[in-house]
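> Sequence and computational prediction follow.
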Amino acid sequence: MGISVPVSKHYIASLSLLKATPNTIERPNNLGNPALNQLREADRAVHSWYRFVLSFPPHLVQDYIRKFQLDRGDHILDPFCGTGTTVVEGKKLGLSSVGIEANPMAWFAGSVKLDWTPDPTELLNSAHQVSDAAKTLIEKKTQTLRTLSEESQKIILTHSISPLPLHKTLVLLDQIQRYAKPAHSQHLRLALAKAIVTSISNLRFGPEVSVVSVDKVKEDAPVVDAWLKEVCLMAEDLSQVQTLTEVPAVIHHADARHILGVLAPKSVDGVITSPPYPNEKDYTRTTRLESVLLGFIQNKAELRLLKEGLIRSNTRNVFKADNDDIWVSKHTDIQQIAKAIEERRITLGKNSGFERLYHRAVKLYFGGMAKHLADLRSVLRPGAQLAYVVGDQRSYLQVMIRTGQLLGDIAEGLGYELVDIELFRTRLSTTTQEQMREEVVLLRWSGKVPSKPYPFSDEPL
Ligand SMILES: C[S@@+](CC[C@H](N)C(=O)[O-])C[C@H]1O[C@@H](n2cnc3c(N)ncnc32)[C@H](O)[C@@H]1O
């Protein structure tokens, strides 16, 4: 096990390589090319400990670190950092990095992915001790199967895990808690989260999460071995990156719409991020099973609290008291899109509770993003450069939402310079068979809040 190359040199070399190449980004074949969004084998270490299906790839982060000519000593931020791609890649390249993430499961995953201090051999020894204890207990067939509380059961997707794998998982979690040293326990828990979604559960991701068909349900699963396999991969990666443990990197469990107080003023040189899009994707659903099993959410009230901390990008997390829409109440295009969605809903006779919220979700989304971009200004250094990866959408009754253009427009209203909107790739829409653009909105912050008031709301931002 282990790699004999002195790895810190490897990564430092790769940062200078990034700097040596011209600061343009060439994506020769980005029309409908799925490989552009995939994790490359050379980048796999640490990133693959746990990822969202739709996480953006580390090579995209490398592209913008190079384009922005960021160097060691510079600070990069991902305010919607998900499972930590930007922050992990920044750390790998020796840049001090910070993330913000509101979903506790994603925050936990990203935070563990930044802790490269455990000794790989000790981590494996710890895992083997836990594994022996768990297997002994699991083999004692006399005990009744462990289950989740009724409240927790209610918030996971029905049949997302079969009773026997669930029992084994809960036994294993107990043994991690009992036998693992504090220095190892979070890594062992994250390895279990990864094994749950990839090998133990009945979930499938395509890219939305769902439960497999009845004939594919796993009545049993080799829970402990699947988990051990993930721990072994982690240990191998740790032996590669261990010399970089000192590079500062942290993820805050916070709301990107309320950044003030979380980050120091004028501390950020570059932002590379992919916020949610207005596309009905519920990030709490994607992570639901492992969030419940690892104890991050246990009932409906906790789930609601989590949803309230997120940008409203789907109607499952729109609540009566929400008012982020005030920040775009005077944005003509956004108001027109919302009106078109509502008129189309009425014409089509779509009357479900969620359909009635479509137009509202769109306004709340852009209002929330406006609030985020407004707060962000005070933590940026003058001259800071920003890259927001977002996709055009037709999720609401096929009304086109040009997310990148609208965000660029809001940003300009807040005093950012809209430098460019680059095409990252296109994705084939399954409903309209149309290639939808996924773009990178490039902004620059001059350091000066404009003297004229923010134009898209009566409220000052
Ligand atoms: C598109 S994903 C980011 C994926 C990320 N680039 C990665 O590689 O894993 C958007 C993330 O934003 C998070 N998010 C949504 N609203 C947020 C908020 N108000 N503050 C912080 N994070 C938020 C979601 O939980 C989700 O993890």
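Thanks, I have it.

> Do you have the helices of the stretch 201-350 of the chain handy? List them.
223-241, 283-286, 288-293, 300-308, 332-348 (DSSP state H, counting those that start in this stretch).

> hmm, the fourth one touching the ligand?
When you say that, I think you mean helix 300-308. No - in terms of C-beta under 6 Å from any ligand atom, no part of helix 300-308 sits within range of the ligand; the closest distance is 8.8 Å. Where you see a C-beta, it was placed from the backbone N, CA and C, and this is true even at glycine.

> hmm, back to that, present the helices of the stretch 201-350 of the chain as a markdown table; the columns should include mean pLDDT.
Putting the helices of the stretch 201-350 of the chain into a markdown table (pLDDT from 0 to 100) gives the following:
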| stretch | mean pLDDT |
| --- | --- |
| helix 223-241 | 97 |
| helix 283-286 | 91 |
| helix 288-293 | 98 |
| helix 300-308 | 97 |
| helix 332-348 | 98 |
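
> and those helices as CSV, adding mean neighbour count and distance to Leu373?
Formatted as CSV, these follow (neighbours: other C-beta atoms under 10 Å; distance: least, C-beta to C-beta, whole Å):
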stretch, mean neighbour count, distance to Leu373
helix 223-241, 21, 33
helix 283-286, 22, 20
helix 288-293, 24, 28
helix 300-308, 15, 20
helix 332-348, 16, 14
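
> With distance to Leu376 added, can I get these in TSV?
Shown next, in TSV, are the helices of the stretch 201-350 of the chain (distance: least, C-beta to C-beta, whole Å):
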stretch	distance to Leu376
helix 223-241	29
helix 283-286	20
helix 288-293	27
helix 300-308	20
helix 332-348	19
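
> Tell me who's in contact with Thr83.
Residues counted as contacts of Thr83 (C-beta atoms under 8 Å, 6 or more residues apart in numbering) are Tyr50, Arg51, Phe52, Ser55, Ala106, Ala109, Gly110, Lys113.

> Pick out whichever of those sits closest to the ligand.
Distance to the ligand across those (C-beta to the nearest ligand atom) is lowest for Ser55, with 3.2 Å.

> Check the burial of the residue of the chain found nearest the ligand by counting its neighbours.
When scored by C-beta to the nearest ligand atom, the chain has Gly82 as its residue closest to the ligand, at 2.6 Å. When neighbours are counted by other C-beta atoms under 10 Å, Gly82 registers 28.

> which residues does it contact?
Applying C-beta under 8 Å, 6+ apart, we find Gly82 in contact with Phe52, Ser55, Glu101, Asn103, Ala106, Gly110, Ser274, Tyr283.

> From Trp327, how far off is Phe456?
7 Å (C-beta to C-beta, to the nearest Å).

> And Ala301, by the same measure?
In terms of C-beta to C-beta, Ala301 sits 28 Å off from Trp327.

> partners of Asp420 in the sheet?
Asp420 has the following beta-bridge partners by DSSP bridges: Leu442.

> Go ahead and confirm it touches Arg444.
No - counting by C-beta atoms under 8 Å, Asp420 sits too far from Arg444 to count as a contact (9.9 Å).

> Which of these two has more residues huddled nearby?
The neighbour comparison of Asp420 against Arg444 (other C-beta under 10 Å) goes to Arg444, with 18 against 12.

> Find the centremost residue of this protein, please.
Nearest to the mean C-alpha position of the chain, counting by C-alpha atoms, centre = their mean, stands Gly82 at 1.9 Å.

> can you confirm it is in a helix?
No - remark: Gly82 does not belong to a helix; assigned using DSSP: H, G, I helix; E, B strand; the rest coil, it is coil.

> Perfect, that will be all.
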